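> sequence and predicted structure are below.
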Amino acid sequence: MKSSDNLAPTEQNKKLRILGVIPARYASTRFPGKPLVEIHGKSMIQRVYEQALKSLKLNEVVVATDDERILMHVTDFGGRALLTSSDHQSGTDRCAEAAEKLPGFEVIINIQGDEPYIDSRQIDLLAACFADNETVLATLIKKIESTEELNNPNSPKVIVNKNSEAIYFSRTPIPYLRGKENQNWLNEHTFYKHIGIYGYRADTLKTITRLPVSLLEKAESLEQLRWIENGYKIKAALTDIETKAIDTPQDLENILKNYDGQDLR
């Protein structure tokens, strides 16, 4: 599988109207108020927003939040935000409400609100998947480089078919290499981890949020399994760019040490 981070835009892709949505929830269990934490002079949500604006494929970027404080903050720094329901169970649900309130876009890109240094090339790579009319859902994957990452249940793994479509996602290493020692698996097989950014056709997004929670989704706590169980194909584009999410205060401390505040591409 060859990385295509620099896919050239096609005429068809240029014509697509693509909305970037950044779901932002205040009441995080592990890190309340996370979108508003300061990272080298700017809030996390502002950094995500500004990185998204660098995308060559997005026609518009909006923060979708359930909290007035986040809404006001985004407006204050000159961004666009809208208030969404506090009942949503996932960022996908919040994106669906945003798409309903902002009609006229063929594709919606769900940009994680806790990745302050997301590289805009990843957004463009994902958006480029929709140049193919057959693509209704898309995400990114990256080759796993360490055994620690391979065995980390907080880093979901994915296997794909020859058409670069996701077959299954799991918190355990997949596939299982029978007769091989776990510490040698990366020498025997190429494993991929899931990068949690999604793209959806607008009509597909509306439909999948109405599907009931599935058995596999419950088992793994991974919403994309609901889509696979219901027969949807998820295009998986390969990236070689690493992402750094902030889930806990410790993650914030680490990112403050490792990044100097300079904006990325």
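Yep, it's here.

> quick one: furthest residue from the center of the chain?
residue 179 (34.3 Å; Cα atoms, centre = their mean).

> what about the chain, any weak spots by pLDDT?
For the chain, applying pLDDT under 70 flags the ranges 1-14, 259-265.

> which stretches of it form strands?
Secondary structure of the chain by DSSP state E: the strands cover 18-24, 38-39, 42-43, 60-65, 81-83, 107-110, 137-143, 157-160, 166-170, 192-201, 234-238.

> please enumerate the helices of this structure.
Assigned by DSSP state H, the helices in the chain fall at 11-15, 44-53, 68-76, 91-101, 120-128, 147-150, 185-188, 202-208, 215-220, 224-229, 249-258.

> pull out the buried residues from the third one.
By neighbour count on 16 or more other Cβ atoms under 10 Å, the buried set for helix 68-76 is 70-71, 73-74. Every residue, glycine included, has its C-beta placed from N, CA and C.

> pick out the most distant pair among these.
Across these, no pair lies farther apart than 71 and 73, at 7.3 Å, counting by Cβ to Cβ.

> ok, so of the buried residues of helix 68-76, who is nearest residue 149?
Nearest member of the buried residues of helix 68-76 to residue 149, counting by Cβ to Cβ, is residue 70, at 31.0 Å.

> the closest one against residue 26, yeah?
Yes. Counting by Cβ atoms under 8 Å, residue 26 is a contact partner of residue 70 at 6.0 Å.

> tell me, what's touching the two both at once?
Residues touching both residue 70 and residue 26 by Cβ atoms under 8 Å, 6 or more residues apart in numbering: 35-36.
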